[in-house]
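Engineer: when you get a sec, could you give me coordinates for this:
(2 chains)
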Amino acid sequence: MLLLPLLALFAFPLCLAATKDTREDLVRLAKAGNGIIKLDERTYDSLTASDREWSATIVFTALDTRRKCGPCKQFQPSFEAVAQAWNKVPATSRNEHFFAIADFDEAPKIFTKLGIQSAPVVHNYPVAEGPRKPAHGKPYPSTYDFSNGYAPEALAEHLSLYTPVRIPYRPPVDWAKYGTFAATGLILTTVARFIFPLLKSRITWAIITIGTILVMTGGHMFVRIRGMPYSDGPNWIAGGYQSQYGQETQVIALTYGILGGAFLMLTLVAPYQTSKSRQQLQVWLWSIVIFVMFSVLISLFRVKNRGYPFKLLL
Amino acid sequence: MATNSKAYSLPSNVSPETVANTSSLLRIVSLALISGAAIASRLFAVVNFESIIHEFDPWFNYRATRVLASKGFYAFWNWFDPTAWYPLGRVVGGTVYPGLMATSGVIYNILHALHLPVDIRNICVLLAPGFSALTAWSTYMFTKEMKDESAGLLAAAFIGIVPGYISRSVAGSYDNEAIAIFLLMFTFYCWIKALKTGSALFGTLAALFYFYMVAAWGGYAFITNMIPLHALALILMGRYSSRLYVAYSSWYAIGTLASMQVPFVGFQPVRTSEHMGALGVFGLLQIIAFAELVRSHVSSKQFQSLLYASVIGAGILGTAGIVGLTYKGWIAPWTGRFYSLWDTGYAKKYIPIIASVSEHQPTAWPSFFMDLHFLIFLFPAGVAMCFKQLRDEHVFVIIYAVVASYFAGVMVRLMLTLTPCVCVAAAVAFSSLLDTYIDPAEPNVPKEEAEATEADPGAADAPTTPKKAKKASAPPPTLGDFVGKFVVDEKKPHGIFGLNTRLAVILNALAMLVFFVLHCTWVTANAYSSPSVVLASSNPDGSQHIIDDFREAYYWLRQNTPQDAVVMSWWDYGYQIAGMADRPTLVDNNTWNNTHIATVGKAMSSSEEVAYPILRKHDVDYVLIIFGGLLGYSGDDINKFLWMVRIAQGVWPNEIQEPNYFTPRGEYRVDDQAPPAMKNSLMYKMSYYRFAELFGGQPAQDRVRGQQISKTSPTLDYLDEAFTSENWIVRIYQVRKEDLLGRDLKLANAFEAGRKRKKQKPPVRRRAIA
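Structural biologist: Prediction:
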């Protein structure tokens, strides 16, 4: 009866040594990859071994150009930046968490094994053994939610939940932005003498104001907040009442602009026409423009709202 | 003009007094008719359905009003509601804008004092239409200040029937906005009047109505920032005047003190960033007023420049002070709801509960057109007219237009604040057009000038006045031409020749107005008059069929459950349960406690075993869900489910994870391919429990998602189905008590079903080593 536990006791330092070896292996691999371990099937298994005393972040991606994975390429710099930030952590904590990357073209078997069908995917493997084992005790990886975009700040913040210490990620100083700022400021100060009368002119302000109003009522904020595309191939008008593409904003703002402009022409410009025949031509022209553009607008609205019962010309 | 030729003749034997009297009578009659139209078009909801309180928030307001009417104002003020946010409760008096309830209470008491025994419900239902008539009147007053009475009447008619305002003020929509838009417009009117006349009386009136607004609606912050913005713009334009000083100071001092009397607002006006703009402009005005005063008494040039420097210094010091206080935490930073207006991604990231409300979604252009119709393109034209004159009050409309159109683009709900501005600007544009083309006077153009312009059209545009000449001499030469083209000279002869052009334009305009009325009536009748408590569908013969599942279920709760039975549901239905079923709820539409809501979200999105302890700990007796799969009602809980998951994930990121509720391909499915987390969730099980049985062996079809539900019904071990309404929209489940024998409920169920208990590994026994 005593034999079995005793044997286990003997085996214990051995497996400790084994994990220690793996850890050193991983540290070496991470160092070679500048903080990121490039995974193949073997290293994947040892990194995610069920008795691991470290945590790991693995991104499953497909960077090869043949795969045409736009999001993968978009995400890669963020991931590298965060992994590199982790390099600044002192070695004792650094070796508690590993960043790794599994590319579809180098280790397709991992993808089939995990049933991953899309990329990029970020898995966080919590510690499975030892004091840092999470309270819920589940060794399964959790997936990072990309709904907040690919920005490195959000990624670092989220991954810090799994690392022993916070990832000291700091966004790089955006010299381009400051440079543009400084240059713009410089240009503005030099040409201030010329710009100032422009700023004092109500025409400038009228153009800015009315432009803003047209763009806003054209639904620009919807397109921006929802990240709608400019158009969907040849379809530039999105189906459905609660949706629109970027191009629609432009068309609608232009339509509103023409209609409003026609009203202004009728009210402000036509009466000052001193010749009767020209005035009549103008008035009729703008009236027809209003009628036609309004019909166009209604027909556009009927595309969006199928149940709308009214229509003009079209 | 030497000779006045007319396009058509007017009777010349009418005295000016008769004209004035008749026009004022006509104005009164028109306003009365506009009020009538405004009220009548809001009664679709009552005619099509019945006199009933709509939607969600109004149910709370109605409940609070009933307390106020039956127990008096002080009881309402001190009302602690133990049934809301069970077990926390809610201090209603201190967490509510009491303006709406107080208004209804006053009307109720007046009517009863006159021995008119009107039911409080009918007052609540008809309050919004009544106030819409007042809104029309206040818009008339406001627009009158912008242009004249005829523009005012047009604006009143527009706001009376425009869908953008009707959407929040149909009969039964008993919400804060119902009275708030009237208060908004009237406060703005008083402000403009105070500014124009420099009268402290109107400044005080503006402050009083501002106070009423603060008591009525959280959107008062719009006024708090609009008026300072206007004042600041006037100062920057070099239009400081003592009128501005008097108007602003009286409004700010009295208005701020008054607003602090509302318990829910309290010390916010001096402690939060939303209100700091108003305080800053107040300080700036004092400094400028002081400098102006000193300047008028001192002539020394050096002293004046010293004064100038010290004013700038004081301004910088004051700004730094506010920034420093914010940094130190004495002044609270922007609250999430306001902050999300500027940083549009903020809410989605940090406060999913704000992002989850459909009213807080951005607005696509069809909504703008639906709500404003042809006003939407008259709006920029009207703003351009304001630029043409650019008196102080026009600056206000311009700022209002820009700010409100941005806000309306970011949040659907803020379409409401844009609408009055659109009506005013559009009325200015439209009435200018009518003025121009109705005026019978024809232009009196000297013969030679007419010929000259025929020969050289550019000559007519040449700058003539000194002002324009100055502009033309500004560095970019194109600017002068540009100005000359559009800022036309009032003194130049102008007018319309002939009758045919007049008729063309006026008939076109009238046709548009008719179309606008048709559009508004159609939209109001079809889109904005549904109570959403009662649904309507049409029978094959075209008659109306009423779907009354909500009230059926709420009344079932009311009559079949003990008074203190706690009902858990998603927060949308909290107010309705409290109002109609009169039962305690865990969470409701007053979403003040995110953790509590996340707890409900967690219970709904986890498996039965995980959810049961949560339910028991919160004393939940019944769980109520909304299920539209049978009828095709798309606003049901399965469609809202992802928000529950997201909100729960915000608090328990380790336990609830949104990706688990999607298939590996990233789809949201409820059929056989649904992921295990979805299938095991309490919400899924409750929604589809016994759903397949309805189809009697046929494939069960979810009519909202358009997917087939698996034939085997989910099993529930910890809940019992208690009630399902006629069309299955509302399903109520009773939470089982713990098993009497102390068994796990799952095992007890299995035992009762006659299934054998699964063999488990025998527990490891320790054996002494000997």
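
Engineer: can you tell me the centre-most residue of the chain?
Structural biologist: You didn't pick a chain, so chain A it is. For chain A, A:G149 is the residue whose C-alpha lies nearest the centre (Cα atoms, centre = their mean; 3.5 Å).

Engineer: and if you look at chain B?
Structural biologist: B:R413 (3.9 Å).

Engineer: who's in contact with that residue?
Structural biologist: Neighbouring residues of B:R413 by Cβ atoms under 8 Å, 6 or more residues apart in numbering or on different chains: B:E359, B:H360. (Glycine included, C-beta is placed from N, CA and C.)

Engineer: doesn't it lie inside a helix?
Structural biologist: Yes: under DSSP: H, G, I helix; E, B strand; the rest coil, B:R413 sits within a helix.

Engineer: what about residue 180, which helix or strand?
Structural biologist: Chain wasn't specified; assuming chain A. helix A:175-200 (DSSP states H and E).

Engineer: let's do chain B instead
Structural biologist: For B:A180, the element it lies in under DSSP H and E is helix B:176-197.

Engineer: counting by contacts, list what that helix packs against.
Structural biologist: Packing partners of helix B:176-197 (3 or more Cβ pairs under 8 Å, 6 or more residues apart in numbering or on different chains; DSSP states H and E): helix B:99-113, helix B:120-146, helix B:200-216, helix B:221-236, helix B:242-259, helix B:392-410, helix B:415-438.

Engineer: where does the closest residue to B:V214 other than its chain neighbours land on pLDDT?
Structural biologist: With sequence-adjacent residues excluded and distances taken as Cβ to Cβ, 6 or more residues apart in numbering or on different chains, B:V214 is closest to B:S259, at 4.1 Å. With respect to pLDDT, B:S259 scores 93.

Engineer: B:S259 is in contact with B:V270, isn't it?
Structural biologist: No: contact between B:S259 and B:V270 fails when scored by Cβ atoms under 8 Å: they sit 10.5 Å apart.

Engineer: what sits against the residue in the stretch 1-150 of chain A that chain B sits nearest to?
Structural biologist: Residue nearest to chain B within the stretch 1-150 of chain A: A:T143 (4.8 Å; Cβ to the nearest Cβ). With contact set as Cβ under 8 Å, 6+ apart, A:T143 has these partners: A:V121, A:V122, A:H123, A:N124, B:Q657, B:P659.

Engineer: and the residue lying closest to the first one once chain neighbours are set aside, how many neighbours?
Structural biologist: Nearest non-adjacent residue to A:V121, counting by Cβ to Cβ, 6+ apart: A:F60, 4.5 Å away. Residue crowding around A:F60 was assessed by other Cβ atoms under 10 Å in any protein chain shown; the count is 23.

Engineer: and the contacts of the helix or strand where A:F60 lies?
Structural biologist: Using DSSP H and E, A:F60 maps to strand A:55-61. The list of residues contacting strand A:55-61 from outside it, by Cβ under 8 Å, 6+ apart, reads A:39, A:44, A:47-48, A:69, A:72, A:75-76, A:79, A:96-104, A:110-111, A:114, A:116, A:119-127, A:132, A:141, A:159, A:162-164.

Engineer: whichever of those end up buried, select them in ChimeraX.
Structural biologist: Filtering the contacts of strand A:55-61 down to the buried ones (16 or more other Cβ atoms under 10 Å in any protein chain shown) takes a single ChimeraX command:
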select /A:39,44,47,48,69,72,75,76,79,96,97,98,99,100,101,102,103,104,110,111,114,116,119,120,121,122,123,124,125,126,127,132,141,159,162,163,164
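
Engineer: which positions in stretch B:675-684 come out as buried?
Structural biologist: By 16+ other Cβ under 10 Å, the buried positions in stretch B:675-684 come out as B:P675, B:A677, B:M678, B:K679, B:N680, B:S681, B:L682, B:M683, B:Y684.

Engineer: with stretch B:388-406 instead?
Structural biologist: By 16+ other Cβ under 10 Å, the buried positions in stretch B:388-406 come out as B:388, B:390, B:392-406.

Engineer: equivalent analysis for stretch A:36-53, please.
Structural biologist: A:I36, A:I37, A:L39, A:T43, A:Y44, A:S46, A:L47, A:T48, A:A49, A:R52, A:E53.

Engineer: export those residues to JSON lines and tack on pLDDT?
Structural biologist: Output for those, formatted as JSON lines (pLDDT from 0 to 100):
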{"residue": "A:I36", "pLDDT": "85"}
{"residue": "A:I37", "pLDDT": "85"}
{"residue": "A:L39", "pLDDT": "83"}
{"residue": "A:T43", "pLDDT": "83"}
{"residue": "A:Y44", "pLDDT": "84"}
{"residue": "A:S46", "pLDDT": "81"}
{"residue": "A:L47", "pLDDT": "82"}
{"residue": "A:T48", "pLDDT": "81"}
{"residue": "A:A49", "pLDDT": "80"}
{"residue": "A:R52", "pLDDT": "81"}
{"residue": "A:E53", "pLDDT": "81"}
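
Engineer: out of these, which sit inside helices?
Structural biologist: Among the buried residues of stretch A:36-53, DSSP state H puts A:T43, A:Y44, A:S46, A:L47 in helices.

Engineer: ok, the residue nearest to B:S9 when sequence neighbours are not counted - contacts?
Structural biologist: Closest residue in space to B:S9, ignoring its immediate chain neighbours: B:P440 at 7.4 Å, by Cβ to Cβ, 6+ apart. The contact partners of B:P440, taken as Cβ under 8 Å, 6+ apart, are B:K6, B:A7, B:Y8, B:S9, B:L10.

Engineer: which of these lies closest to B:V651?
Structural biologist: B:A7 (72.5 Å; Cβ to Cβ).

Engineer: I figured that closest one hits B:G498, correct?
Structural biologist: Yes: using Cβ under 8 Å, B:A7 is in contact with B:G498, at 6.3 Å.

Engineer: between the two, which one's more packed in?
Structural biologist: B:A7 (19 against 14).

Engineer: so which elements touch the helix or strand encompassing B:F387?
Structural biologist: According to DSSP H and E, B:F387 maps onto helix B:375-389. Counting contacts by 3+ Cβ pairs under 8 Å, 6+ apart, helix B:375-389 packs against helix A:202-217, helix A:246-264, helix B:365-372, helix B:392-410, helix B:415-438.

Engineer: among those, which comes closest to B:D636?
Structural biologist: Across the helices and strands packed on helix B:375-389, closest to B:D636 is helix B:365-372 (Cβ to Cβ), at 22.8 Å.

Engineer: give me the angle between the closest one and helix A:202-217.
Structural biologist: Here the directions of helix B:365-372 and helix A:202-217 differ by 100 degrees (axes from the mean of the first three to the mean of the last three Cα atoms, to 10 degrees).

Engineer: the helices in chain A, which residues?
Structural biologist: A:3-32, A:41-47, A:70-87, A:91-94, A:108-114, A:152-159, A:175-200, A:202-217, A:220-226, A:246-264, A:276-304.

Engineer: so which of those gets nearest B:V311?
Structural biologist: In terms of Cβ to Cβ, the element of these nearest to B:V311 is helix A:175-200, at 21.0 Å.

Engineer: ok, back up a step: looking at B:S259 and B:V270, which is more packed in?
Structural biologist: B:S259 (23 against 13).

Engineer: ok, that one - contacts?
Structural biologist: B:Y210, B:F211, B:V214, B:Y220, B:V265, B:P269.

Engineer: before we move on, what SS does the fifth one have?
Structural biologist: B:V265 carries the three-state label coil when classified by three-state DSSP.

Engineer: was I right to think it contacts B:A216?
Structural biologist: No: using Cβ under 8 Å as the test, B:V265 is too far from B:A216 to be in contact (11.3 Å).

Engineer: tell me the spacing between B:R295 and chain A.
Structural biologist: As defined by Cβ to the nearest Cβ, to the nearest Å, B:R295 lies at a distance of 23 Å from chain A.
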